[in-house]
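>>> have a look; sequence and predicted model below, questions after that.
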Amino acid sequence: MKLTRLPNEFKKALPVINQLTQAGYEAYFVGGCVRDAILGLPIHDVDIATSAFPAEIKEVFEKTIDVGIEHGTVLVLSGDESYEITTFRTESTYQDYRRPDHVDFVRSLEEDLKRRDFTINALALAHDGSVIDLFDGLNDLKNRCLRAVGQAQDRFQEDALRMMRGLRFISQLDFQLEAKTKEAICNHAELLTKISVERICIEFEKLLVGKNRSQALALFIETNCFKYCPQLTRYEKQLSNFAQVANHQLHDVTVAWAAILTYFNMPLQQVRPFLKAWKTSNQLIIEVQLLLQMLIIRKQRIFNAIDLYQLNEDIIPKLSELCAFYQLSEPTNLLLQRYQALPIHQLKDLAINGHDLMTYFNRRGGSWLKQLLSLCESAVLMNEIKNEYQELLSYANSKMDCEKID
Ligand code: ATP
Ligand code: MG
């Protein structure tokens with residue numbers, strides 16, 4: 001097969017390939033970028049593999065950065081782009097189910113393609129657009145079939161992460177899992193315990209935001225992989241309910257976590273320990289908690305100004321996506337407009353501050369001050385009073401008189 005029209009990302013990188021060939025080496029586009037180009041999908045990173053050894057790559061190019069020289073990867077700067085160029089390599093025996101004991105640089109493309117995980121990821125593309133397909137990857141692409149390169153059993157034993165990568169490709173690409181590859185995942189799911197949670201999490205998140213999340217989650221359960229991921233064993237039933245939800249694609253990882261946790265019926269206080277076990281960032285945890293709180297509200301009523309005040313501009317598109325998942329219409333632009341129109345967005349936007357109130361009431365700070373500021377915030381947000389110093393002061397005065405503030 002020959003690609004007659006190379007995508008622009010490849011055209012731009014051709015000088016790099018040509019420089020290597022002119023220096024007497026072989027060089028090809030490899031891996032995910034070739035797969036995506038043939039499928040007509042956007043290409044995110046252009047990876048190049050070459051027969052040149054790392055020191056030789058560095059001799060060919062003026063500007064290089066060592067990013068992973070022990071694995072044979074050199075970053076080459078070309079124009080305003082940079083490309084990862086990796087020497088053809090083989091991987092020796094694996095003793096820990098995740099990393100080869102060592103890698104050997106070789107001059108053969110075939111050896112390099114053999115070590116790759118799936119046939120659709122083991123394609124190489126030459127400068128003239130011809131595709132090198134040693135494992136029938138093109139046929140698998142055509143039939144939308146995900147198949148391990150060589151003996152699936154061996155491949156997952158070498159590197160157990162490949163099972164999670166496989167499930168996420170099923171979701172991302174909406175492919176079918178080939179029978180032997182599936183059987184091998186069923187037989188080796190337990191090896192996921194050898195893989196770091198962080199790496200599993202990256203693949204799981206990609207699975208959640210893929211096109212065919214439902215199919216991938218069904219396989220995640222059927223192959224028992226879910227049992228070797230943090231915290232999921234006890235949620236088998238809920239996970240399976242979530243897998244049965246029609247494929248309304250989610251595009252944001254935070255929204256995807258919020259959606260799944262809603263299916264788990266997880267109380268808010270359990271969200272943090274759950275996501276901590278998945279080693280997600282603190283920022284993600286805070287956002288998921290906020291999204292879940294907002295969803296609970298929105299299931300009961302339309303958001304009011306005090307609800308919107310909890311938000312920020314970054315989370316609004318996420319909230320909109322989560323609401324849409326639950327057939328609740330909250331278009332981003334309208335939410336944003338309502339949010340921007342709020343009279344204040346944070347406590348420090350209030351025309352009166354704690355210091356003003358302490359001076360006026362001649363009292364030291366304490367819980368009374370917090371309560372009073374919070375009443376002022378709400379009154380301004382609900383348009384009961386204007387955000388003006390005098391109005392706030394008389395409002396505070398009236399509240400000190402009539403409410404139980406201590
Ligand atoms: P994405 O589109 O998400 O980047 P990708 O297939 O390009 O998907 P990368 O992690 O960028 O994934 O890896 C690039 C290529 O390296 C893969 O296409 C595959 O050929 C090979 N590869 C990556 N991880 C593994 C692995 N664990 N085992 C074997 N080959 C792998
Ligand atoms: Mg890639």
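In hand now; what should we look at? Ligands and ions are numbered 1, 2, ... in the order given.
>>> residue ranges for the strands of the stretch 51-200 of the chain, please.
Per DSSP state E, counting those that start in this stretch, the stretch 51-200 of the chain carries strands over the ranges 64-68, 73-78, 81-87, 89-91, 103-105, 124-125, 131-132, 145-146, 176-177.
>>> flag every residue of the protein that's near ligand 2.
With Cβ under 5 Å from the ion as the criterion, the chain meets ligand 2 at residues 32, 45. All C-beta spots, glycine's among them, are computed from the backbone N, C-alpha and C.
>>> show me what from the chain comes close to ligand 1.
Applying Cβ under 6 Å from any ligand atom, one finds that the chain approaches ligand 1 through 31-32, 45, 47, 116-117, 121-122, 159, 161-162, 165.
>>> residue of the chain nearest ligand 1, please.
Ranked by Cβ to the nearest ligand atom, the top residue of the chain for proximity to ligand 1 is Gly32, at 2.0 Å.
>>> which one is that residue nearest to, not counting chain neighbours?
Setting aside the residues directly before and after it, Gly32 is nearest to Asn121 in space (Cβ to Cβ, 6 or more residues apart in numbering), at 6.2 Å.
>>> can you get me a residue count around the one you found?
By other Cβ atoms under 10 Å, 20 other residues sit near Asn121.
>>> what does Gln340 give?
11.
>>> stretch 10-18 - what's its average pLDDT?
Here stretch 10-18 scores 96 as its mean pLDDT.
>>> kindly apply the preceding question to stretch 53-66 instead.
The average pLDDT for stretch 53-66 rounds to 94.
>>> extract the C-alpha trace of that stretch and format it as CSV.
The C-alpha coordinates for stretch 53-66 follow below in CSV (Å, rounded to 0.1, in the frame of the first residue of the first chain):
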residue,chain,number,x,y,z
PHE,A,53,22.5,4.6,16.5
PRO,A,54,22.0,7.6,18.9
ALA,A,55,25.5,8.9,18.5
GLU,A,56,25.1,8.7,14.7
ILE,A,57,21.7,10.6,14.9
LYS,A,58,23.5,13.3,16.8
GLU,A,59,26.2,13.6,14.1
VAL,A,60,23.6,14.0,11.4
PHE,A,61,21.7,16.9,13.0
GLU,A,62,22.8,20.2,14.2
LYS,A,63,20.4,20.6,17.0
THR,A,64,19.5,17.7,19.2
ILE,A,65,18.5,17.1,22.8
ASP,A,66,19.1,13.8,24.7
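>>> rewinding a little: if I look at the residue of the chain closest to ligand 1, how far off is Ile85?
Taking Cβ to Cβ, to the nearest Å as the measure, Gly32 falls 15 Å from Ile85.
>>> the more surrounded of those two?
Using other Cβ under 10 Å as the criterion, Gly32 and Ile85 rank with Ile85 on top: 27 against 17.
>>> nearest residue to that one in space, please, no chain neighbours.
Leaving aside its chain neighbours, Ile85 sits nearest to Ile48 (4.7 Å; criterion: Cβ to Cβ, 6+ apart).
>>> wasn't that neighbour part of a helix?
No: looking at Ile48 with DSSP: H, G, I helix; E, B strand; the rest coil, it is strand, so not inside a helix.
>>> surely it and Ala27 touch.
Yes: contact status for Ile48 versus Ala27: in contact at 5.9 Å, counting by Cβ atoms under 8 Å.
>>> pull the contacting residues for the nearest residue to Ala52 once chain neighbours are set aside.
The spatially closest residue to Ala52, leaving aside those adjacent along the chain, is Tyr25, at 4.0 Å (Cβ to Cβ, 6+ apart). Residues counted as contacts of Tyr25 (Cβ atoms under 8 Å, 6 or more residues apart in numbering) are 50-52, 56, 60.
>>> ok, and the most crowded of these?
Using other Cβ under 10 Å as the neighbour test, the contacts of Tyr25 are led by Thr50, with 28 neighbours.
>>> measure it to ligand 2 for me?
Per Cβ to the ion, to the nearest Å, Thr50 is found 17 Å from ligand 2.
>>> these two touch, right, that residue and Phe61?
No: Thr50 lies out of contact with Phe61 (Cβ under 8 Å); the separation is 11.1 Å.
>>> show me the contact partners of the biggest helix by length in the chain.
Criterion DSSP state H: the longest helix present in the chain is helix 282-300. Contacts with helix 282-300, where a contact means Cβ under 8 Å, 6+ apart, come from 253-255, 257-258, 261-262, 266, 268, 271-272, 275-276, 303, 307, 310-311, 315, 318-319, 322-323, 326, 328, 330.
>>> just the ones of these in helices?
Using DSSP H, these in helices are 253-255, 257-258, 261-262, 268, 271-272, 275-276, 307, 318-319, 322-323.
>>> thanks a lot, catch you later.
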